[in-house]
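> dropping a prediction and its sequence here:
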Amino acid sequence: MSLEVASTVVRLTRSSSFTHSHPKALKPFDSGEIKILLLENVNQRGISLLEKEGYQVESIKKALPEDVLIEKIRDVHAIGIRSKTKLTKKVIQEAKKLLVIGCFCIGTNQVDLEAAANRGIAVFNSPFSNSRSVAELIIAEIISLSRQLGDRNIELHQGNWNKVSSQCYEIRGKTLGIVGYGHIGSQLSVLAEAMGMTVFFHDIIQLMPMGTAKQVNTLYELLERSDFVSLHVPETEETKNMIGEEEIARMKKGSYLINASRGTIVQIPPLIKALQNGHLLGAAIDVFPKEPASNGQFYNNELNSWTSDLLACKNVILTPHIGGSTEEAQYMIGAEVGAAIIKYINCGTSIGAVNFPEIDLRAIQDTDKTIRLLFCHYNVPGVLREINEILSDHNVDKQYSDSRGNIAYMMADISNVDDQDIRKIYETVSSNRANISTRIVY
Ligand SMILES: NC(=O)c1ccc[n+]([C@@H]2O[C@H](COP(=O)([O-])OP(=O)(O)OC[C@H]3O[C@@H](n4cnc5c(N)ncnc54)[C@H](O)[C@@H]3O)[C@@H](O)[C@H]2O)c1
Ligand SMILES: O=C(O)[C@H](O)COP(=O)(O)O
């Protein structure tokens, strides 16, 4: 293995506060050219950042079927996806070179996070870059449902003048119930109060209310008190099918349901029944249990068997998972996740990873003879002692280690090493009994 193997020269972006010398340009030691696969139309900002690093970037606008994905993922060091690509254990097992997964979105439920960690693959997302966009969409939907805007718009497009005020209301003074008071739920809370609404929320943890919002103890209490119910929980074992027949029955007669979280949270057949029998006056749905892989594909009963029944319901706003689809959000997500991928590949920095111990070290200063060892391993007793024995002949400038569950990650900057030392360190560390992955950047 030669130091010349790596063709990608990259820079550490953090500079040390202890010295005025420049951060050293780091490059991966034991990998060839870095290949990145981006799916689902990742924003140009992310593509440009990765290309600027000299990586080979392939960007595809749609999600891939599993067999094609498996073929393509075998060859790449990083993959960027959004909410549709399912990175299952089966897919991840085929990804022999994969170092890092970038979810260019908020949700990470589409990735088997544990399978990735067990292969030493860090997963990053953008936790709040599109939160405001979602919250604004919900405000638009609350007004639209309350005024039956969707139906009036369709009617007039069809040449039908239908001026009605029956069952059309102001939102001022109405009650909004938010399920899941995280980044989106709390933004929505502020906007809704500014529109004159009263806000209740339900969350599994105790949270500081924004403005005059109030946390209620149970989901049922929230459902019974709200004119509008908006869901902002992640997809977990507990939230799957969270809103079914019983929960819809608990909602106030004449209320509205909004779901822009995940398609698995709401059971649609009981929702259709409640819309048909008038228990609910409307619904807005942005996410579906099964969604098309790309634009232009049909949304019909072949995807979800109840689709035509839902389409026939009055005052139902259906949108193609656009909650986070604004120029602002996509640009910020491209920048944030693109940067996280670069820092992980080039410097090993795992701060912000959702499945991995989060560590970082200050930049290596501009000296040719310092390397950074990145060692991901099983968290078993005695491993660090074994690694430090290997390093004991060298000068370890700085070192940091942390664990998360059964996975641990160590970073060490080692100075005054030559090519032979580097080779030896790599070979001995990577053959340690607990090794998951060993990388050296220099
Ligand atoms: N439609 C879209 O385009 C779009 C865009 C962004 C996010 N999302 C979805 O919205 C979800 C929420 O986003 P966020 O940024 O607000 O997440 P977040 O993690 O900031 O907040 C989620 C909140 O839900 C709470 N929660 C978890 N389980 C719960 C349960 N069983 N009952 C009640 N509360 C529970 C959490 O404690 C947390 O406070 C994301 O996970 C994603 O799936 C959709
Ligand atoms: O998780 C998210 O951020 C949203 O669901 C948006 O997903 P998208 O990037 O696929 O639109």
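Okay, I see it. Ligands and ions are numbered 1, 2, ... in the order given.
> what segments of the stretch 51-200 of the chain are strands?
56-59, 78-81, 100-103, 122-124, 175-179, 198-202 (DSSP state E, counting those that start in this stretch).
> okay, the residue lying closest to Val337 once chain neighbours are set aside: pLDDT?
Closest residue in space to Val337, ignoring its immediate chain neighbours: Gly102 at 4.3 Å, by C-beta to C-beta, 6 or more residues apart in numbering. C-beta coordinates here come from the backbone N, C-alpha and C atoms, glycine included. At Gly102, the model reports a pLDDT of 98.
> what sits against Gly102?
Taking C-beta atoms under 8 Å, 6 or more residues apart in numbering as the criterion, Gly102 is in contact with 46, 78-81, 123-125, 337-338, 340-341.
> ok, now with 10 Å
Counting by C-beta atoms under 10 Å, 6 or more residues apart in numbering, Gly102 makes contact with 36, 38, 42, 46, 50, 78-82, 122-126, 333-334, 336-342, 344.
> ok, and which of these reach ligand 1?
Judged by C-beta under 6 Å from any ligand atom, the overlap between the contacts of Gly102 and the neighbourhood of ligand 1 is nil.
> where do the helices of the stretch 151-300 of the chain begin and end?
Along the stretch 151-300 of the chain, the stretches classed as helices by DSSP state H, counting those that start in this stretch are 183-194, 219-225, 245-250, 268-276.
> between those, which one is nearest to ligand 2?
helix 183-194 (9.4 Å; C-beta to the nearest ligand atom).
> returning to that earlier point: dump the strands of the stretch 51-200 of the chain to a markdown table, plus distance to ligand 2.
As requested, the strands of the stretch 51-200 of the chain are exported to a markdown table (distance: least, C-beta to the nearest ligand atom, whole Å):
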| stretch | distance to ligand 2 |
| --- | --- |
| strand 56-59 | 14 |
| strand 78-81 | 8 |
| strand 100-103 | 7 |
| strand 122-124 | 13 |
| strand 175-179 | 16 |
| strand 198-202 | 20 |
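> now those as CSV including distance to Ser166?
What follows is those, written out as CSV (distance: least, C-beta to C-beta, whole Å):
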stretch, distance to Ser166
strand 56-59, 50
strand 78-81, 46
strand 100-103, 45
strand 122-124, 50
strand 175-179, 21
strand 198-202, 24
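> show me what residue of this protein gets nearest to ligand 1.
For the chain, C-beta to the nearest ligand atom, closest residue to ligand 1: Gly182, 1.7 Å.
> and the gap between the residue of the chain most remote from its centre and Ala312?
Largest separation from the mean C-alpha position in the chain: Trp161, at 43.3 Å (C-alpha atoms, centre = their mean). Computed as C-beta to C-beta, to the nearest Å, the Trp161 to Ala312 distance reads 22 Å.
> how near is the residue of the stretch 251-400 of the chain found nearest ligand 2 to Ile138?
Residue of the stretch 251-400 of the chain nearest ligand 2, by C-beta to the nearest ligand atom: Gly324 (3.9 Å). Distance, Gly324 to Ile138, using C-beta to C-beta: 12 Å.
> pull up the overlap in contacts between these two.
184, 260, 286.
> and ligand 1, which of these reach it?
Applying C-beta under 6 Å from any ligand atom to the shared contacts of Gly324 and Ile138, those adjacent to ligand 1 are 184, 260, 286.
> so the last one makes contact with Ile138?
Yes: distance between Asp286 and Ile138: 9.0 Å, which falls inside the contact criterion (C-beta atoms under 10 Å).
> overlap in contacts, the two.
258, 260, 323.
> near the second one, how many other residues are there?
The number of residues packed around Ala260, counting by other C-beta atoms under 10 Å, is 24.
> list the contacts of it.
Contacts of Ala260 (C-beta under 10 Å, 6+ apart): 134-135, 137-138, 141, 184, 188, 230-232, 284-287, 319, 321-324.
> backbone dihedrals for Arg439, please?
phi -130, psi 150 (degrees, to the nearest 10).
> can you pull the residues of the stretch 151-300 of the chain lying near ligand 2?
Within reach of ligand 2 by C-beta under 6 Å from any ligand atom, the stretch 151-300 of the chain has no residues at all.
> for ligand 1, what are the nearby residues on the stretch 151-300 of the chain?
So the stretch 151-300 of the chain meets ligand 1 at 179-185, 202-205, 232-236, 238-239, 260-262, 286-287 (C-beta under 6 Å from any ligand atom).
> domain parsing for this structure?
The chain is divided into the following domains under the TED database: 18-125+326-356, 131-318, 361-441.
> deepest in the core, which of the ones you listed is it.
domain 18-125+326-356 (a mean of 20; mean count of other C-beta atoms under 10 Å).
> quick one: that domain to chain centroid distance?
11 Å (C-alpha atoms, centre = their mean, to the nearest Å).
> can I get the helices of the stretch 151-300 of the chain in TSV with distance to Glu114 and mean pLDDT?
Formatted as TSV, those follow (distance: least, C-beta to C-beta, whole Å; pLDDT from 0 to 100):
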stretch	distance to Glu114	mean pLDDT
helix 183-194	24	98
helix 219-225	28	98
helix 245-250	30	98
helix 268-276	29	98
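> what residue ranges in the stretch 151-300 of the chain score low on pLDDT?
Within the stretch 151-300 of the chain, not a single segment meets pLDDT under 70.
> what's across from the closest residue to His394 other than its chain neighbours in the sheet?
Closest residue to His394 apart from its sequence neighbours, by C-beta to C-beta, 6+ apart: Ile414 at 4.9 Å. The partner list for Ile414 in beta bridges (DSSP bridges) reads Ile371, Val396.
> state whether Ile414 and Arg372 are indeed in contact, as I suppose.
Yes: counting by C-beta under 10 Å, Ile414 sits close enough to Arg372 to count as a contact (7.8 Å).
> overlap in contacts of these two?
364, 397-398, 440, 442.
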